[in-house]
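In: I'll drop the sequence and a predicted model, then ask my questions.
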Amino acid sequence: MATHPVHFDLSPPPLHTARLVCSLASGKTLFLAPGFAEAQPGGGCQLHGRPPQAALLRVRDLTVQLATDTGAAIPVVEAVSFDIAVGEAVGILGESGCGKTTTALALLRLLPPGGKIVRGSIEFAGRELVTSGERELEKIRGAEISLIFQEPGIALHPMRRVGDQVGEVIHAHRGWNWKRCREEAATALAQVFSGEISRISEAYPHQLSGGQRQRVLIAQALACRPALVIADEPTASLDATTQAEILALIKDLKQRLGVALLLISHNPAILAGLADRILVMYSGRVVEEGPLERVYRAPLHPYTKGLLASMPRGASESPAAGKAKLPAISGSPPDPARLPPGCPFEPRCPDRLAICTTRAPEEVQPEAARRVWCFKYGG
Ligand SMILES: Nc1ncnc2c1ncn2[C@@H]1O[C@H](COP(=O)(O)OP(=O)(O)O)[C@@H](O)[C@H]1O
Ligand code: SF4
Ligand SMILES: [Mg+2]
């Protein structure tokens with residue numbers, strides 16, 4: 001059967017106005033209206049029922065080193081590859097220290113001093129970010145790819161009104177006059193608050209609750225209508241009720257705006273119901289990848305099984321339940337500077353085989369759309 005190329009036109013501002021152009025074999029071109037991504041998570045062709053053939057973000061073999069206090073290089077992210085399609089929500093799951101934040105920061109080339117991408121490719125909307133100049137990156141950060149920070153108390157300036165802080169992001173990227181930036185900021189705030197936009201806009205961060213501050217940060221991340229939003233543990237600092245409200249908001253925004261999401265969490269319950277697809281990371285590597293529902297229902301990698309066994313029953317319906325104390329997988333992740341030979345999970349793995357200490361397992365595709373790195377499945 002003939003395949004048809006799918007092209008994405010993501011010239012700014014992509015949110016709301018992203019158009020998927022599907023070139024048919026007949027030569028006809030169809031412009032699909034906004035809301036397309038909502039109807040088909042992952043951006044597959046609504047008319048032809050095909051899976052997406054082009055990624056908004058295409059990461060290949062991403063390998064990152066950070067530096068210790070003494071300047072020694074430590075491998076923190078190793079050969080990570082994944083795609084995010086237009087409007088798709090991808091989750092990264094893994095214990096603290098497994099390289100989730102470093103992966104996210106590397107995507108925007110925001111690594112801490114001494115950190116560097118030593119290998120790999122990050123292609124965003126057809127542009128290679130690993131070799132992009134700083135000016136090009138500045139145009140992309142916050143405008144085409146934005147970050148929702150973990151700690152709203154720190155991310156907002158304490159002495160500036162929140163409406164101005166949202167407006168400043170728009171001003172920096174769009175260069176519009178201040179009146180227009182404030183109007184656009186009010187529009188962004190109206191996407192995340194159900195009312196009282198003027199009062200909230202005029203408020204200082206300390207006059208808002210933690211949940212309201214997190215909503216302001218989400219408005220800030222959406223203000224320039226990005227194609228991709230990265231949310232790194234977006235509810236970590238919130239109480240259980242507020243956490244559930246913010247997760248519901250993110251879910252609603254995903255459906256309403258069709259923005260692609262990279263959601264990062266150590267808690268499987270946070271990603272349940274939000275991510276279409278999931279990457280499980282351990283020791284800087286992806287160890288399993290697949291559609292979230294299938295991975296959660298039938299995990300393959302022993303590490304994924306351990307993480308999911310610790311998720312309280314019903315947590316996917318009530319993410320707050322995921323705040324309960326989780327039984328730990330025995331042992332702790334290895335120091336990246338002293339990785340064991342073979343599979344990094346071997347010292348903690350209940351299913352280890354003789355081969356597991358000899359070399360790291362390679363990628364296996366045990367079923368369609370799933371990948372796992374474990375000798376139990378080949379490798
Ligand atoms: N600025 C830094 N300098 C040196 N090592 C770091 C720095 N930030 C994180 N690390 C180390 O890199 C590894 C991955 O950290 P991180 O990406 O923050 O993991 P996660 O987000 O999954 O908790 C950890 O071993 C952590 O100690
Ligand atoms: S490769 Fe071996 S040690 Fe690693 S997860 Fe699989 S069975 Fe366990
Ligand atoms: Mg982190």
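Out: Cool, the structure landed. Ligands and ions are numbered 1, 2, ... in the order given.
In: Looks to me like residue 230 is in a helix.
Out: No: the assignment for residue 230 by DSSP: H, G, I helix; E, B strand; the rest coil gives strand, which leaves it out of any helix.
In: got a list of what it touches?
Out: Contact partners of residue 230, counting by CB atoms under 8 Å, 6 or more residues apart in numbering, are 104, 107, 108, 145, 146, 147, 148, 261, 262, 264. Where you see a C-beta, it was placed from the backbone N, CA and C, and this is true even at glycine.
In: switch the cut-off to 10 Å
Out: In this structure, residue 230 makes contact with 57, 84, 92, 101, 103-105, 107-108, 145-149, 221, 260-264, judged by CB atoms under 10 Å, 6 or more residues apart in numbering.
In: what bridges to it?
Out: Judged by DSSP bridges, the bridge partners of residue 230 are residue 147, residue 262.
In: Please tell me how far it sits from residue 263.
Out: If you measure residue 230 against residue 263 using CB to CB, to the nearest Å, the figure is 8 Å.
In: what do these two both touch?
Out: Common neighbours of residue 230 and residue 263, using CB under 10 Å, 6+ apart, are 92, 148.
In: which parts of the stretch 101-250 of the chain sit against ligand 3?
Out: Taking CB under 5 Å from the ion as the criterion, the stretch 101-250 of the chain approaches ligand 3 at residues residue 101.
In: Would you map the helices across the stretch 101-250 of the chain?
Out: Per DSSP state H, counting those that start in this stretch, the stretch 101-250 of the chain has helices spanning 134-140, 152-155, 162-174, 178-192, 197-202, 210-222, 240-257. These are given in chain order.
In: In terms of mean pLDDT, which of the ones you listed ranks lowest?
Out: The minimum mean pLDDT among the helices of the stretch 101-250 of the chain belongs to helix 152-155 (a mean of 76).
In: And it, what does it pack against?
Out: Packed against helix 152-155, as judged by 3 or more CB pairs under 10 Å, 6 or more residues apart in numbering; DSSP states H and E, are the following elements: helix 210-222.
In: Which strands or helices does the helix it packs on pack on?
Out: strand 145-148, helix 152-155, helix 162-174, helix 178-192, helix 197-202, strand 228-232, helix 240-257.
In: could you dump the ones you listed to JSON lines with distance to residue 216?
Out: Converted to JSON lines, the helices and strands packed on helix 210-222 look like this (distance: least, CB to CB, whole Å):
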{"stretch": "strand 145-148", "distance to residue 216": "11"}
{"stretch": "helix 152-155", "distance to residue 216": "7"}
{"stretch": "helix 162-174", "distance to residue 216": "5"}
{"stretch": "helix 178-192", "distance to residue 216": "7"}
{"stretch": "helix 197-202", "distance to residue 216": "7"}
{"stretch": "strand 228-232", "distance to residue 216": "14"}
{"stretch": "helix 240-257", "distance to residue 216": "12"}
